[in-house]
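Enquirer: coordinates only, no sequence provided:
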């Protein structure tokens, strides 16, 4: 069964699983009252609409849902390499991107392979290993190849429809107050042709000093709009224990979200998730979720420190360098994944122990609607109101894709 469909926000008879459902919801939903807030980062001035923060989410009061397996694409039988991106389309058709093979494979609702397209190259129907914005538009699949600066449209049977060369949207100078945008990587194309993506912003008087990362909306090399500042990583902690703020984009191009872990210096803390409209950056909701931190065993810290390798200026290997204990937080990073479903819900995957995770669904009103425990070695790849697709990995590292429906 769907997770409590948001009937008050959806107009028409189109089901939540349809590609246009979120666009309809976005046009009719109730907006949370907002207030103007100012961000000043090393001279970067940006006014954004910030929603009033909602009370901390209590996922314990939300209903737990069960996962009922409907379809499994066995990685051994299908000879899968690494599964990188999954896009769920109309009638539960599935597009799977395999970057090692430079190949996209289309599967039916029953898990039958319908067709495939792609190989390494620069010709029609060929790809680099850098695809962004894999998403369904009606019955067709839209693919953005960043390295080749090309869009490819594919039929729901894996046939090439057309290709189009697009300009590399990397404005050399986009004035934002006294700052400059020095890089831009597109992740999602909106209906009007604008591209949303991540940019690095530096001071105009000192380009080597990065002041912020931001989600930008870029129409061409001269029209750039700052939509949201992305929280900075906490520089106190060493990798791989540091949290890098995540940004997720809607598969239908209507919204995006980012998440920030508010503190890892204490065992128990909170995660703040903020969702925004893709058209103008207006805030949809800000939700704070509490977490119970999971301690990092000393043996894990020692093993990672012993595995680190570096080289001297002449390229000679140096002895392993131990981690600085003062730069290791007391707990693991609590948030593993952030994903937006095609129905407008935000999914946050939170760590419960060293190897177990809970997935929490948040509505467009910022309400915690449901949760479930992920199977071992599983990651969320796509979601709708009624279904969720997981990538599951076996003991040999072979990845499979499983579609589940939600039950009670």
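Expert: In hand now; what should we look at? Model, not experiment: these values are computed from the prediction. Numbering: from 1, shown residues only.
Enquirer: where do the helices sit along the stretch 51-200 of the chain?
Expert: Using DSSP state H, counting those that start in this stretch, the helices of the stretch 51-200 of the chain run over 75-78.
Enquirer: pLDDT below threshold where in it?
Expert: 51-60, 167-182, 191 (pLDDT under 70).
Enquirer: show me what contacts the residue lying closest to residue 83 once chain neighbours are set aside?
Expert: Leaving aside its sequence neighbours, residue 83 sits nearest to residue 399 (CB to CB, 6 or more residues apart in numbering; 4.8 Å). (C-beta placed from N, C-alpha, C; glycine too.) Taking CB atoms under 8 Å, 6 or more residues apart in numbering as the criterion, residue 399 is in contact with 75, 80, 82, 83, 391, 392, 393.
Enquirer: next, count neighbours for the fourth one.
Expert: By the other CB atoms under 10 Å criterion, the neighbourhood of residue 83 contains 22 residues.
Enquirer: bridged to the most centrally placed residue in the chain, which residues?
Expert: Residue closest to the mean C-alpha point of the chain, counted by CA atoms, centre = their mean, is residue 248 at 3.0 Å. Note on residue 248: beta-bridge partners residue 257, judged by DSSP bridges.
Enquirer: same deal with residue 215?
Expert: Here residue 215, judged by DSSP bridges, has bridge partners residue 198, residue 228.
Enquirer: next one: residue 274
Expert: residue 258, residue 286.
Enquirer: that one against residue 282, yeah?
Expert: No: counting by CB atoms under 8 Å, residue 274 sits too far from residue 282 to count as a contact (11.4 Å).
Enquirer: so where's the longest helix in this protein?
Expert: The residue-count maximum for a helix in the chain (DSSP state H) belongs to helix 298-307.
Enquirer: show me how far that helix is from its chain's centre.
Expert: 29 Å (CA atoms, centre = their mean, to the nearest Å).
Enquirer: now it: average pLDDT?
Expert: Helix 298-307 shows a mean pLDDT of 74.
Enquirer: so what touches that helix?
Expert: Residues from elsewhere that reach helix 298-307, judged by CB under 8 Å, 6+ apart: 240, 320, 321, 322, 323, 325, 328.
Enquirer: how about 7 Å then?
Expert: For helix 298-307, the external contacting residues (CB atoms under 7 Å, 6 or more residues apart in numbering) are 240, 320, 322, 323, 328.
Enquirer: next, the contact list for residue 251, please.
Expert: Residue 251 neighbours (CB under 7 Å, 6+ apart): 87, 135, 340, 342.
Enquirer: state the pLDDT value of it.
Expert: For residue 251, the model assigns a pLDDT of 86.
Enquirer: which SS state does it fall under?
Expert: coil (DSSP: H, G, I helix; E, B strand; the rest coil).
Enquirer: quick one, phi psi at it?
Expert: phi -70, psi -10 (degrees, to the nearest 10).
Enquirer: so it versus residue 261, what's the distance?
Expert: 25 Å (CB to CB, to the nearest Å).
Enquirer: which of the contacts of residue 399 are buried?
Expert: Using 16 or more other CB atoms under 10 Å as the burial test, the contacts of residue 399 include 75, 80, 83, 391, 392 as buried.
Enquirer: sorry, back to before: looking at the contacts of residue 399, which is nearest residue 407?
Expert: residue 392 (18.2 Å; CB to CB).
Enquirer: hang on, the earlier thing: which one of residue 274 and residue 282 is surrounded by more residues?
Expert: More crowded of residue 274 and residue 282, by other CB under 10 Å: residue 274, with 24 against 18.
Enquirer: any idea how far that one is from residue 345?
Expert: Applying CB to CB to residue 274 and residue 345 gives a distance of 15 Å.
Enquirer: thinking again about what came up before, tell me if I'm right that the residue nearest to the centre of the chain and residue 255 touch.
Expert: No: the criterion here is CB atoms under 7 Å, and residue 248 misses it with residue 255 at 9.2 Å.
Enquirer: list residues touching both of these two?
Expert: Joint contacts of residue 248 and residue 255 (CB under 7 Å, 6+ apart) are residue 340.
Enquirer: re earlier: want to try JSON lines for the contacts of residue 251, with neighbour count and distance to residue 382 as columns?
Expert: Shown next, in JSON lines, are those (neighbours: other CB atoms under 10 Å; distance: CB to CB, whole Å):
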{"residue": "87", "neighbour count": "24", "distance to residue 382": "6"}
{"residue": "135", "neighbour count": "24", "distance to residue 382": "10"}
{"residue": "340", "neighbour count": "23", "distance to residue 382": "10"}
{"residue": "342", "neighbour count": "26", "distance to residue 382": "8"}
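Enquirer: tell me the phi and psi of the residue nearest to residue 83?
Expert: According to degrees, to the nearest 10, residue 399 has phi -100, psi 140.
Enquirer: what's opposite it in the beta bridge?
Expert: Applying DSSP bridges, one finds that residue 399 bridges with residue 393.
Enquirer: the one 5 residues further on now?
Expert: When bridges are assigned using DSSP bridges, the partners listed for residue 404 are residue 69, residue 388.
Enquirer: that one reaches residue 68, doesn't it?
Expert: Yes: if you go by CB under 7 Å, residue 404 and residue 68 touch, sitting 6.0 Å apart.
Enquirer: of these two, who's got more company?
Expert: residue 404 (22 against 12).
Enquirer: quick one, what contacts that one?
Expert: Taking CB under 7 Å, 6+ apart, we find residue 404 in contact with 67, 68, 69, 70, 387, 388, 390.
Enquirer: of those, closest to residue 215?
Expert: When the contacts of residue 404 are compared against residue 215 (criterion: CB to CB), the nearest one is residue 388, at 25.1 Å.
Enquirer: now do the contacts for the residue nearest to residue 111 when sequence neighbours are not counted.
Expert: Spatial nearest neighbour of residue 111, chain neighbours left out: residue 71 (4.5 Å); criterion: CB to CB, 6+ apart. Contacts for residue 71 (CB under 7 Å, 6+ apart) come out as 110, 111, 403.
Enquirer: mind checking how far residue 363 is from residue 406?
Expert: 14 Å.
Enquirer: I'd say residue 156 and residue 139 touch.
Expert: Yes: taking contacts as CB under 7 Å, residue 156 lies within contact range of residue 139: 4.9 Å.
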